[in-house]
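[1] model this:
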Amino acid sequence: MAPTTTGPAPKSGSFTRTTTPPAPPTVIPPALEIWAPDPPTWSQRMIPKGIRSAMADLGLWQEPRPLKPSFHMVQVIEVLTRYGWCQTFDFSPTGRMCIRGAQTFLESTGHVTTIDRGKAVNYLQSQLARQGFNMRFWEWNDLSSNTFQGVEATISAASDMARKNGD
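    Modelled structure (predicted):
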């Protein structure tokens with residue numbers, strides 16, 4: 001990007017003060033562009049995982065690409081934004097999800113491995129401990145004082161922590 005001119009024009013000369021715009025945020029790989037995936041169709045649910053794997057080997061099926069913990073937490077936020085956030089239930093009757101429900105959904109659709117989901121949970125628990133909450137994240141999710149904006153901010157902070165640690 002070209003520098004932009006800012007500030008008032010100088011009185012005595014033709015010099016202008018220029019600043020360079022800030023660098024763009026970290027680019028997410030194009031392969032990860034589906035952040036809030038559609039739920040699997042009934043036909044997809046009927047195909048056993050072993051058969052799906054064989055179909056993927058033959059090029060007839062494309063399995064989702066599991067994300068590392070920092071991207072997984074961003075994807076959790078996107079799922080909660082798309083489908084709605086709720087408390088008390090992993091999955092509400094209206095299709096909303098809590099944090100744990102969103103993680104379960106993403107793991108069941110192949111967007112995160114069990115190990116990386118566990119790492120993401122550890123980062124989330126660490127962030128909650130920093131905020132002074134000594135409870136499991138799903139218990140914290142159900143606190144009546146929580147709002148979606150607070151949940152989003154906490155998950156985002158945990159994602160930043162994971163990213164700084166290379167996860």
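[2] so S92 touches C86, yeah?
    Yes. With contacts counted by Cβ atoms under 8 Å, S92 reaches C86, the gap being 4.4 Å. C-beta coordinates here come from the backbone N, C-alpha and C atoms, glycine included.
[3] Between those two, point out the one with more neighbours.
    Between S92 and C86, counted using other Cβ atoms under 10 Å, the more crowded position is C86 (20 against 16).
[4] contacting residues around the residue lying closest to the more buried one once chain neighbours are set aside?
    In space, C86 comes closest to R96 once its chain neighbours are excluded; the distance is 3.7 Å by Cβ to Cβ, 6 or more residues apart in numbering. R96 makes contacts with 83-86, 89, as judged by Cβ atoms under 8 Å, 6 or more residues apart in numbering.
[5] Could you dump those residues into a markdown table and include secondary structure, distance to A102 and pLDDT?
    Below are those laid out as a markdown table (DSSP: H, G, I helix; E, B strand; the rest coil; distance: Cβ to Cβ, whole Å; pLDDT from 0 to 100):
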| residue | secondary structure | distance to A102 | pLDDT |
| --- | --- | --- | --- |
| Y83 | helix | 8 | 90 |
| G84 | coil | 10 | 91 |
| W85 | strand | 8 | 92 |
| C86 | coil | 10 | 91 |
| F89 | coil | 12 | 88 |
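[6] So which of the residues you listed is surrounded by the most neighbours?
    W85 (22 neighbours).
[7] Burial check on the residue nearest to that residue when sequence neighbours are not counted, number of neighbours?
    Spatial nearest neighbour of W85, chain neighbours left out: F148 (4.6 Å); criterion: Cβ to Cβ, 6+ apart. Neighbour count of F148, defined by other Cβ under 10 Å: 13.
[8] isn't F148 right up against L80?
    Yes. Under the criterion of Cβ under 8 Å, F148 makes contact with L80 at 7.1 Å.
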